[in-house]
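Novice: Prediction below, plus the sequence it came from.
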Amino acid sequence: MTFYLPIAETAVNIFVYIGMGAAVGFLSGMFGVGGGFLITPLLMLTGIPSAVAVGTGSAQVVASSVSGTIAQYRRNNVDFKMGYVLLAGGVVGSLIGVELVVLLRRAGQFDLFVSLSYVVFLGSIGLLMLFESIAAIRKVRRGTASKRDRGHHNWIHSLPWKVRFTRSKLYMSVYPPLAIGAFVGLLSAVMGVGGGFVMVPAMIYLLKMPTGVVIGTSLFQIGCVTAITTVLQATSNYNVDVVLALLLMVGAVAGAEFGASAGQHLRGEQLRFLLAALVLLVSARIGWDLIATPPDLYSMTFGRGR
């Protein structure tokens, strides 16, 4: 069953994109990521223009994040106080990112910039998470595993303007969460992602938050930031295809609930290993597209200028 997408200017199979949204929503609920690092590349691989994939990917992330947040809230896994601090930084980052998108599109370098950003960020973070999670899993098998020391104070915890985050059992400065939120907001606008692949590792390893609370809090912040980003993308760059977004949202809402339930049956190090493997697979696929010889060496595309 096909349907014409007015903004993407292409016809698509409805059930393919509903299924795509459900799969990404499932992963969102399980890992605490918005799923934008998956949905945006998938849309691009299925022929959706990069600019539309970025804008519409943000809209889909809103649905999967909100659904995942509700599921995690029922399990008391959301630190709203930390989420509000991250959100404040995310709003600033989103505003900067939307303006950067305008500049890149005018320069004609947007597609290349997005692809390179995915390869660099996903590859780097995926490798770091993979090594750490493998080491943690080996310790568990040897029976020498211990809980990560959240009481250890590094330079981050010596910064001023400290606040007590009761749910995360932390007493620390608000500056690191603000900076992380701003960076994720920037990524959300430029790459069409929720930023969970950056947010989750940063909250675990830098802020020393418990993995379970990280998942729910990350989804809360991602949902709010991507909602703002989607509105900005639609009004500033006109690259949000509402019809496509609705198809993805239908599947994402259902998938996130099942993902949250599945995640409860895995330990923290197992979740981190699976997320790292997923991130690396996406990075490798995009990297291959950058260096592989295209089937058509020369092509001409006609469409509306935006």
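Specialist: Perfect, I can see it now. Residues are numbered from 1 along each chain as shown.
Novice: Show the backbone phi and psi for Trp161.
Specialist: Backbone torsions for Trp161, taken as degrees, to the nearest 10, come to phi 60, psi 60.
Novice: next one: Tyr4
Specialist: Torsion angles, degrees, to the nearest 10, at Tyr4: phi -90, psi 130.
Novice: for it, what are its contacts?
Specialist: By Cβ atoms under 8 Å, 6 or more residues apart in numbering, Tyr4 lies in contact with 10-11. The C-beta positions use only the backbone N, C-alpha and C, and glycine is treated the same way.
Novice: how close does it get to Leu127?
Specialist: From Tyr4 across to Leu127, the span is 41 Å (Cβ to Cβ, to the nearest Å).
Novice: just Gly83 next, same as before
Specialist: 28 Å.
Novice: who's more crowded, these two?
Specialist: Neighbour tally, Gly83 and Leu127, criterion other Cβ atoms under 10 Å: the higher count belongs to Gly83, 25 against 14.
Novice: Name the SS class of the more buried one, please.
Specialist: Three-state call for Gly83 (DSSP: H, G, I helix; E, B strand; the rest coil): helix.
Novice: now do Asn77
Specialist: What three-state DSSP gives for Asn77 is coil.
Novice: Return stretch 216-228 as PDB; C-alpha atoms alone will do.
Specialist: What follows is stretch 216-228, C-alpha atoms only, in PDB (Å, rounded to 0.1, in the frame of the first residue of the first chain):
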ATOM      1  CA  GLY A 216      14.400   7.200  31.800                       C
ATOM      2  CA  THR A 217      16.000  10.600  32.300                       C
ATOM      3  CA  SER A 218      17.600  10.500  28.900                       C
ATOM      4  CA  LEU A 219      14.300   9.800  27.200                       C
ATOM      5  CA  PHE A 220      12.600  12.600  29.100                       C
ATOM      6  CA  GLN A 221      15.200  15.200  28.000                       C
ATOM      7  CA  ILE A 222      15.400  13.800  24.400                       C
ATOM      8  CA  GLY A 223      11.600  14.000  24.000                       C
ATOM      9  CA  CYS A 224      11.500  17.700  25.100                       C
ATOM     10  CA  VAL A 225      14.500  18.800  23.000                       C
ATOM     11  CA  THR A 226      13.500  17.000  19.800                       C
ATOM     12  CA  ALA A 227       9.900  18.500  20.100                       C
ATOM     13  CA  ILE A 228      11.500  22.000  20.100                       C
END
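Novice: Appreciated, that's everything.
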